[in-house]
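Asker: model this:
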Amino acid sequence: MAERPTAREAIAALTADFTESAAPAGDTAADGPLDWSGYADSRARATARTGEQESVVHGTATVGGRPCVLISFEFGFLGGSLGQRTGDRLEAAYEEAVARRLPLVSLIATGGSRMQEGMIALTQLHRVARASARLRAAGPAQLAVLRDPTTGGGWATLGAGADVILALPGAQVGFAGSRVRPADADPGAYTAEGQLAAGQIDAVVPPEDLSAAVGHWLRLLAHRATPPVPAPVPAALSSAGLPRTGWDAVLRARSASRPHAEAYLDAYFTLRLPLTGDRCGGTDPGLLAGFGLHEGEPVAYVAQCGTATRPAGYRTAARVIRLADRLGVPVLTLVDTPGAANDAEAERAGAGAAIADAFAAVAAARVPVTTLVIGEGGSGGALALAAPDNTHVTADSYFSVIAPELAAAILKRSPEHVHDTADQLRLRPQDLVDLGVARSVVPSEARSDVRADPPGR
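Answerer: Modelled structure (predicted):
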C-alpha cells in the first residue's frame with residue numbers, strides 16, 4: 001500500500017501558494033484533559049515523526065487563481081484525530097474564512113475523535129458544527145476533499161457538511177472506521193465510489209485532476225454581495241414551427257429525436273461541473289444539476305432529462321437551488337418530464353415531501369430563476385422546478401395539468417377522444433403564452449417566427 005501523503009504534501013499537490021496561519025495558543029505538554037498516562041509522550045513522538053504540532057494545519061491559499069482558507073489533516077499525527085487543540089485550529093480556520101469572506105477548502109484524512117481526550121475530544125464536533133454554521137450564514141462556500149481515510153466525526157462534520165464534496169479514488173469514507181463497523185458489512189459501502197453511488201458525495205477525482213477541479217469549483221462558487229441578473233434564456237435547439245393541435249404538441253415533446261437536456265447544457269455552458277445526489281442515500285440519473293459558466297458568469301442549473309423525476313432528484317434540485325441562493329448565483333432550470341415518479345418505491349422514498357421541498361426552494365429563492373420547458377411538462381412534477389414568473393417554452397414542448405390520456409381516462413372518455421382532450425387542455429406552447437403561464441416561445445438561432453409575451457406583461 002502506498003504511503004499516505006502528509007498534510008503538507010496534500011497542500012503542495014493542490015497549490016504552491018499557501019501561507020500558514022499561526023496556531024492558537026494552548027497547552028501541549030500535559031497528558032490532556034483526562035490525564036491519560038503517556039498521552040504527552042504520544043504527541044511528542046507524533047511531532048518528531050511528522051514535524052507537526054497537531055493533526056491539522058491551516059492557512060490561506062490560492063487555487064486556480066482563487067483565494068481560499070485551506071485546512072489539511074496530518075494522518076500521521078495520531079491518525080489525524082480530533083482533539084481539543086485540533087478544535088482550536090479548525091475553529092480558527094472557519095473564523096478566518098468568515099472574517100475574510102473566503103471559501104473554505106478542507107483536505108480531510110482522519111480516523112475520528114481522539115480517545116485519549118474522551119468526551120472533550122468528541123465535543124469538538126459541536127465547535128466545528130457551530131463554526132461551519134457561522135460561515136454558512138456569512139455566505140462563502142465550503143468544499144471538502146476526502147482523502148484516505150475520512151471517517152468518524154471528521155466525515156460527519158467537515159466532510160458531509162460541506163457544500164461540495166470531492167473524494168480521491170479508493171478513499172475509505174464512512175462514519176464507521178474499519179475497526180468498529182460490523183464484520184459482515186459490505187466494504188464497498190465505505191469507499192468513495194460507494195458513497196458516490198449512494199448520493200453522498202459529488203465526484204471522485206483523480207489526484208492529477210484535483211487542483212484544476214478545486215480551482216474550477218472555487219470560481220463557480222464565488223460568493224456575490226450584489227444581486228445577480230437572471231440567467232439568459234437558452235436558444236431553442238430545434239427549428240420546428242408551432243404545433244397545429246394539442247396532440248401534435250404532445251407527439252413532438254415525446255419524440256426521441258428532439259434535443260434533450262444534455263444537448264442544451266452543452267450548448268449553454270463553456271464549463272460545467274455536476275453536483276450529484278440528495279445526501280440522503282439517493283440519486284436520480286434522470287436529473288442533471290450543478291454549476292457552470294455561461295458567457296463567463298456562474299449559473300446554477302437543474303435539468304430534467306425526459307424521465308419521471310424521482311424523490312432523490314427533487315431533493316438534489318432543492319439542494320442546488322438553495323446553495324445558489326446563498327451564494328448569489330442565478331439559476332437555470334430545464335423542465336422535461338412526463339411527471340413525478342409515482343411507483344411504490346417513490347412513495348416510500350417520500351415523493352410528496354421531496355416535491356414540496358423543490359417547490360419551496362424555488363419559491364424562497366432570492367436569486368432569479370429562469371426556466372425553459374424543452375419537452376414534456378407533466379403536471380406538478382414539472383411545475384415544481386418552474387419559475388412562477390420567468391418560464392419560457394420551446395416550440396417542441398407542452399405543459400399540462402395532466403397527460404391527455406390520463407385526463408380522458410379520469411373524465412371517462414373513450415380513447416378516441418384523447419386528441420380532443422389534448423386540444424381542450426390548451427397545452428400547446430402558444431396556448432401557454434396566451435394563458436400567461438409562459439412568457440415566450442423561445443426561438444432557435446435559425447427562426448424568429450415565435451410567440452412572445454403580450455405587451456404590458
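Asker: could you pull up phi and psi at the residue minimising distance to the centre of the chain?
Answerer: The centroid of the chain falls nearest to residue 275 when counting by Cα atoms, centre = their mean (3.8 Å). According to degrees, to the nearest 10, the main-chain angles of residue 275 amount to phi -110, psi 130.
Asker: list the contacts for it?
Answerer: By Cβ atoms under 8 Å, 6 or more residues apart in numbering, residue 275 lies in contact with 164, 202, 289-291, 316, 319-320, 323. Every residue, glycine included, has its C-beta placed from N, CA and C.
Asker: likewise residue 107?
Answerer: Listed by Cβ under 8 Å, 6+ apart, the contact partners of residue 107 are 7, 10-11, 14, 70-73, 145, 147.
Asker: kindly recompute the last result at 6 Å.
Answerer: Counting by Cβ atoms under 6 Å, 6 or more residues apart in numbering, residue 107 touches 10, 72, 145.
Asker: filter the residues you listed to the buried ones?
Answerer: By neighbour count, with 16 or more other Cβ atoms under 10 Å, the contacts of residue 107 hold 10, 72, 145 as buried.
Asker: mind checking which of these land in strands?
Answerer: 72, 145 (DSSP state E).
Asker: next, format the buried ones among the contacts of residue 107 as CSV and append pLDDT.
Answerer: Compiled in CSV, the buried ones among the contacts of residue 107 are given as follows (pLDDT from 0 to 100):
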residue, pLDDT
10, 97
72, 98
145, 98
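Asker: ok, then the element right after the worst-scoring helix or strand of the chain on mean pLDDT?
Answerer: Within the chain, no helix or strand scores below helix 404-410, which has a mean of 89 by mean pLDDT, DSSP states H and E. Scanning forward in sequence from helix 404-410 by DSSP states H and E, the next helix or strand is helix 418-424.
Asker: now do that following helix: which elements does it pack against?
Answerer: Under the contact definition 3 or more Cβ pairs under 6 Å, 6 or more residues apart in numbering; DSSP states H and E, helix 418-424 sits against helix 246-254, helix 404-410.
Asker: enumerate the positions of that helix that are buried.
Answerer: For helix 418-424, using 16+ other Cβ under 10 Å, the buried residues are 418-419, 421-423.
Asker: mind putting those into CSV with distance to residue 63 and pLDDT?
Answerer: Output for the buried residues of helix 418-424, formatted as CSV (distance: Cβ to Cβ, whole Å; pLDDT from 0 to 100):
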residue, distance to residue 63, pLDDT
418, 56, 90
419, 58, 93
421, 56, 93
422, 53, 94
423, 56, 94
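Asker: and which of the residues you listed is nearest residue 92?
Answerer: residue 422 (63.0 Å; Cβ to Cβ).
Asker: tell me who's in contact with the closest one.
Answerer: If a contact means Cβ under 6 Å, 6+ apart, then residue 422 has 246-247, 250, 404 as its contacts.
Asker: among those residues, name the buried ones.
Answerer: Buried subset of the contacts of residue 422 (neighbour count, 16+ other Cβ under 10 Å): 246-247, 250, 404.
Asker: can you list those in JSON lines and add distance to residue 342?
Answerer: Formatted as JSON lines, these follow (distance: Cβ to Cβ, whole Å):
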{"residue": "246", "distance to residue 342": "23"}
{"residue": "247", "distance to residue 342": "23"}
{"residue": "250", "distance to residue 342": "19"}
{"residue": "404", "distance to residue 342": "17"}
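Asker: count of neighbours near residue 316?
Answerer: For residue 316, the neighbour count with other Cβ atoms under 10 Å is 30.
Asker: check contacts around it.
Answerer: When contacts are counted by Cβ under 6 Å, 6+ apart, residue 316 touches 278, 289.
Asker: again, only using 8 Å
Answerer: For residue 316, counting by Cβ under 8 Å, 6+ apart, the contacting residues are 199, 275-278, 283-284, 287, 289, 302.
Asker: and if you look at residue 261?
Answerer: 288, 303-306, 334, 336, 374.
Asker: same deal with residue 366?
Answerer: By Cβ under 8 Å, 6+ apart, the contact list for residue 366 reads 227, 325.
Asker: okay, and the beta partners of residue 303?
Answerer: Legend: beta-bridge partners of residue 303 under DSSP bridges are residue 288, residue 334.
Asker: give me the pLDDT for it.
Answerer: Looking at residue 303, its pLDDT is 98.
Asker: how many other residues sit next to it?
Answerer: Neighbours of residue 303 (other Cβ under 10 Å): 25.
Asker: could you measure from it over to residue 391?
Answerer: 14 Å (Cβ to Cβ, to the nearest Å).
Asker: all helices for the stretch 101-250 of the chain, in order.
Answerer: Using DSSP state H, counting those that start in this stretch, the helices of the stretch 101-250 of the chain run over 118-122, 124-138, 152-154, 192-197, 207-220, 246-254.
Asker: quick check: residue 74 vs residue 336, distance?
Answerer: For residue 74, the distance to residue 336 - Cβ to Cβ - is 47 Å.
Asker: return the member of the buried ones among the contacts of residue 107 nearest to residue 235.
Answerer: Among the buried ones among the contacts of residue 107, residue 145 lies closest to residue 235 (Cβ to Cβ), at 36.6 Å.
Asker: thought residue 108 was touching the closest one, still the case?
Answerer: Yes - the pair formed by residue 145 and residue 108 meets the contact definition of Cβ atoms under 8 Å, at 6.7 Å.
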